[in-house]
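Colleague: only geometry, no sequence info:
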DNA sequence: ATCAAACATTGATGAGCGTCGATGTATAGG
DNA sequence: CCTATACATCGACGCTCATCAATGTTTGAT
């Protein structure tokens, strides 16, 4: 449908281009999962800011491989960082990444 | 795995419960799509704040049924409202809903 | 009354992903 | 050396969902 001679609306600004929309959508997809939100939440609420997988499986009601999978997704998206110490791997939030997503959702930022 | 006598981390606060995590995840799922992000963006950038479907299919590069589907998803999630006038249906943003999502992503709000 | 445009609805299809069990790897302890 | 724990990886299953063509519905114009 090309632009007909009779437009129904005021001229459209394209807003976000495909690349920007894809990148933001990918970040939002990572957060758009109940398990991952709860993981982020547990890290945000943890004293010391650190939690390891073994202490998350039970409150999440998920298997260890599943929790490890979510941790990996969150880490690859930049929402958490992980550090192995002795037998355990400790995970902590990266607040800047969460803030980046919040900033991208400001209406003015959506062009 | 019950709580062993040797814990690796400081005590865990559960943070978001299942219901809260599910609700927030459902809202984020709606936004976690490039096409829907671009629709929101186009509405945010539109003069008069209104756009109808016929003016979105071409810039989005999607079929009319697909755009209608995304519009429906956005409306049912409260991100947009729609009003039929004569032959066309005009859609506009609900900024408060977008703000609600941004507010839920504040680290302090994640308990 | 007829035709065209705008939009919704309906299956159908294909890809992506959350989940698990099984297995592999590393670290600590006896 | 052997066992147990913490975690990662792999393969498979099942479900959700984005997309489309086809069709239905409403509205306006001729």
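Modeller: Perfect, I can see it now. As the structure is a prediction and not an experimental result, all values here were calculated from the model. Numbers count the residues shown, from 1 in each chain, chains lettered A, B, ... in the order given.
Colleague: Please identify the nearest residue in space to the residue nearest the centre of chain A, excluding sequence neighbours.
Modeller: What sits nearest the mean C-alpha location of chain A, by CA atoms, centre = their mean, is residue A:31, with 3.5 Å. What sits nearest to residue A:31 in space, not counting adjacent residues and going by CB to CB, 6 or more residues apart in numbering or on different chains, is residue B:28, at 5.2 Å. Quick note: C-beta positions are derived from backbone N, CA and C, even for glycine.
Colleague: Check the burial of the one you found by counting its neighbours.
Modeller: Applying other CB atoms under 10 Å in any protein chain shown, we find 24 other residues in the vicinity of residue B:28.
Colleague: Residue B:35 versus that one, what's the distance?
Modeller: Using CB to CB, to the nearest Å, one obtains 16 Å as the distance from residue B:28 to residue B:35.
Colleague: pretty sure the residue nearest to the centre of chain A contacts residue A:37?
Modeller: Yes - counting by CB atoms under 8 Å, residue A:37 is a contact partner of residue A:31 at 6.4 Å.
Colleague: between the two, what contacts are shared?
Modeller: Common contacts of residue A:31 and residue A:37, defined by CB atoms under 8 Å, 6 or more residues apart in numbering or on different chains, comprise B:25, B:28.
Colleague: what about the helices in chain A?
Modeller: A:18-31, A:34-45, A:57-60, A:64-76, A:95-104 (DSSP state H).
Colleague: hang on, the earlier thing: verify the stated contact: the residue nearest to residue A:31 with residue B:101.
Modeller: Yes - under the criterion of CB under 8 Å, residue B:28 lies in contact with residue B:101, with a separation of 6.8 Å.
Colleague: gap between the residue nearest to residue A:31 and residue A:105?
Modeller: For residue B:28, the distance to residue A:105 (CB to CB) stands at 10 Å.
Colleague: again, but for residue A:60
Modeller: With distances taken as CB to CB, residue A:60 is found 26 Å from residue A:105.
Colleague: and what of residue A:54?
Modeller: Computed as CB to CB, the residue A:54 to residue A:105 distance reads 34 Å.
Colleague: Equivalent analysis for residue A:51, please.
Modeller: With CB to CB as the criterion, residue A:51 and residue A:105 are 26 Å apart.
Colleague: So these two - more neighbours on which side?
Modeller: Counted by other CB under 10 Å, residue A:51 and residue A:105 do not tie: residue A:51 has more neighbours, with 30 against 19.
Colleague: Could you pull up the residues touching the more buried one?
Modeller: Residues in contact with residue A:51 (CB under 8 Å, 6+ apart) are A:42, A:43, A:90, A:91, B:9, B:12.
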